[in-house]
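# return atomic coordinates for the entry below.
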Amino acid sequence: MIIDSTAEPDLRAVRARWRQASRHQPPAVLRIGLLASYTIDPLVPYLGIGLHDAGLPATFGVGPFNQITQQCLDDDSDMARLRPDVLVVAPRFDELGPPAACGGWADELMCLADIALDAAGRWRSCLVFVLPAVPESRPCGIGDAGSPGGVMAAAATAREAVRRALAGRPGVCLADAEEAVRAVGAARALAPALFQFAKIPYTEELFAGLGAQLGRLLRVRYGRGHRVAVIDADSLVLAGGEGVADREAMVSALRSPLLDLHAAGVRLALRGSGAAGSAWEVLAAGFPELLRGLLEGWVLDDRSAADQLRTIAAEAGESVGALLLVTTDPVLAAEIGTRPDQGRAVVLGEQPESWPAELRAAGLFDQAPEPVAGPPPTTAAPAPRAKPAASLADFVASLNVVVTHVPVGPGNVDKVAELVERAKDFTLGNRHSAADIAQRADELLALAVRDRLGEYGISAAVGMRVAAGVCAVDLFSVSCPVLGKEVEDAVLAEVVERAARAGCDTVVVGCRDTGVNTAALRFLRAAAARVWTAGSGQAVRVRVELGQRD
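Residues are numbered from 1 along each chain as shown. Here you go, the predicted structure:
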């Protein structure tokens, strides 16, 4: 892998590499589950290719958005069935409700962290909890900075509460979405239009940065970090100009970051062509410490850089993947290829003063945090907080969910059509165009949902026809934000009630397996295994007819 610190990443090329790698990579070392309060699918290529290049090929399971708690509490959820080796949990404050309505976010975020930690323990997963970025929305405007209950203060309190609770725990890693946003800038990180359309709040650039951060974290977690920095003598020692003084100045600029690397536990080595013998004279003048014990190995000959790295790795007792070639020559870096077993390279820029930051960005300084011994120090008694839900039923009960039946008409038929089109996880898999929905509006029922965290508007829709004593249901869609909140139960209960009033003793649900609507299929199979009773006392059975998969 070549890490070019001087150029903007070609994100299309990264995604193309991931598509290729996912088809041909060796058997997966890690199963990674991703849960987020938003659509996190765009993260997969960037995290996937980073792990592939680190020799940690992975497969991914992505849970439905805004279903973190439900997926963690339900032992029959998609994530529970996956049993991931690594569980990545990435909430946003925006989906936790306004800070004033939820105790300033700290309680909500801590409960979420506790639930994720418990699930990771049950599944024997490494938990990677992503501290949420500070929201850009500031209801008080310029006054937010001076408000103890403002967005910035509430976010900082919640983030630090989770950091104190999770830092240093075995099997737990922390990442930070705020760092990723800060690295690219909010203007380039946020995608409001995309969020409105597909619940994707971030740009590809932000997902690339967050994926790189998570990849570096897991490389360190699984012992695949860079442990040896190999200095390219040809470009960093002998290319500093025509005179010896110019070359010594270049080496002097390199001296400080390499000393920092050595202090951080990274070993130093040197490679160069057969003509690089004069490098010793330059190093002796500009970086004498290197020759007095810091340099642990060197290879100066005319073999390829990949062969030289393999020799250095063997002498150091390390894998080639633990080495990083440090150079300013992109052509030389390309010689080592793109496979982890051929080594890696970082291409530094033309300005030596930027080299320390570039080496940090390449992951050379990455280390696992020190484990925390005993409880974290505190100067005051911790404030009491709500206990996390012990079960899915407890969680739903705590939300105070309210479901309202809404007739479908000219004022909302477009919203119903949009809901049906976007529903993927809970849908019957039958095709319904917007024109079809508008034409049969009198056969449809929509449901609006709200809870203590917010209002979700029209979040479920069902279509039914009654004939010959049977109520046929061919449309049943529920949006992800309200899944697992017993909304689907309320929808089916209403269908049963209306079927009974129409004189039907059977509800027939026609559906197809789309490959992603497992939540709907599991719910319907469970519904068919019981007898439903309408308010009048009439028993109604639910029968599922599974058609051919498209």
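
# so where do the helices sit in the stretch 401-550 of the chain?
413-422, 434-439, 487-501, 518-528 (DSSP state H, counting those that start in this stretch).

# part of a helix, is Val130?
No: secondary structure of Val130 (DSSP: H, G, I helix; E, B strand; the rest coil): strand, not part of a helix.

# near the closest residue to it other than its chain neighbours, how many other residues are there?
With sequence-adjacent residues excluded and distances taken as CB to CB, 6 or more residues apart in numbering, Val130 is closest to Ala90, at 3.9 Å. From N, CA and C alone the C-beta is placed, and that goes for glycine too. For Ala90, the neighbour count with other CB atoms under 10 Å is 22.

# isn't Ala90 up against Gly33?
No: counting by CB atoms under 8 Å, Gly33 is not a contact partner of Ala90; they are 11.3 Å apart.

# re the thing from before, what's the closest of the helices of the stretch 401-550 of the chain to Gly141?
Comparison of the helices of the stretch 401-550 of the chain against Gly141 by CB to CB identifies helix 413-422 as nearest, at 31.0 Å.

# just to revisit the earlier point, ranked by average pLDDT, which of the helices of the stretch 401-550 of the chain falls at the bottom?
Looking at the helices of the stretch 401-550 of the chain, the lowest mean pLDDT belongs to helix 434-439 (a mean of 86).

# buried residues in that helix?
Ile437, Ala438 (16 or more other CB atoms under 10 Å).

# and that helix, how far from the chain's centre?
With CA atoms, centre = their mean, to the nearest Å as the basis, helix 434-439 stands 36 Å off its chain's centre.

# burial count for Arg310?
Counted with other CB under 10 Å, Arg310 comes out at 20.

# tell me how far it lies from Lys199.
Distance, Arg310 to Lys199, by CB to CB, to the nearest Å: 46 Å.

# same check, this time on Ile458
In terms of CB to CB, Ile458 sits 15 Å off from Lys199.

# and the strand or helix carrying Gln20, which residues are buried?
Gln20 is part of helix 11-24 when elements are defined by DSSP states H and E. For helix 11-24, burial by neighbour count (16+ other CB under 10 Å) applies to Leu11, Val14, Arg15, Arg17, Trp18, Ala21, Ser22.

# what is that helix packed up against?
Other helices and strands packing on helix 11-24, by 3 or more CB pairs under 8 Å, 6 or more residues apart in numbering; DSSP states H and E, are helix 44-53, helix 204-221.

# so which of these gets nearest Trp532?
Closest among the helices and strands packed on helix 11-24, using CB to CB: helix 44-53, at 39.5 Å.

# quick one: strands adjacent to whichever helix or strand comes after that closest one?
Using DSSP H and E, the helix or strand that follows helix 44-53 in sequence is strand 58-62. Its sheet considered, strand 58-62 pairs with strand 30-36 (parallel) by DSSP bridges.

# roughly how far does Ser125 sit from Arg83?
7 Å.

# more neighbours: which of those two?
More neighbours surround Ser125 than the other of Ser125 and Arg83, with 22 against 14 (other CB under 10 Å).

# how about the spatially closest residue to the more buried one that is not a sequence neighbour, what does it touch?
Leaving aside its sequence neighbours, Ser125 sits nearest to Leu87 (CB to CB, 6+ apart; 4.2 Å). Applying CB atoms under 8 Å, 6 or more residues apart in numbering, we find Leu87 in contact with Ile32, Gly33, Leu35, Met79, Ala116, Ala119, Ala120, Trp123, Ser125, Cys126, Leu127, Val128.

# go with 7 Å
Gly33, Ala116, Ala119, Ala120, Trp123, Ser125, Leu127, Val128 (CB atoms under 7 Å, 6 or more residues apart in numbering).

# residue ranges of the strands in the stretch 201-350 of the chain, please?
Under the criterion DSSP state E, counting those that start in this stretch, strands of the stretch 201-350 of the chain are mapped to 228-232, 267-272, 295-300, 323-327, 344-347.

# and stretch 31-49, how far apart are its ends?
Distance between the boundary residues of stretch 31-49 (CA to CA, to the nearest Å) amounts to 14 Å.

# tell me the buried residues in that stretch?
31-40, 42-49.

# right, and Arg452 touches Asn400 too?
Yes: in terms of CB atoms under 7 Å, Arg452 counts as a neighbour of Asn400; the distance is 5.0 Å.

# and stretch 95-111, what's its mean pLDDT?
80.
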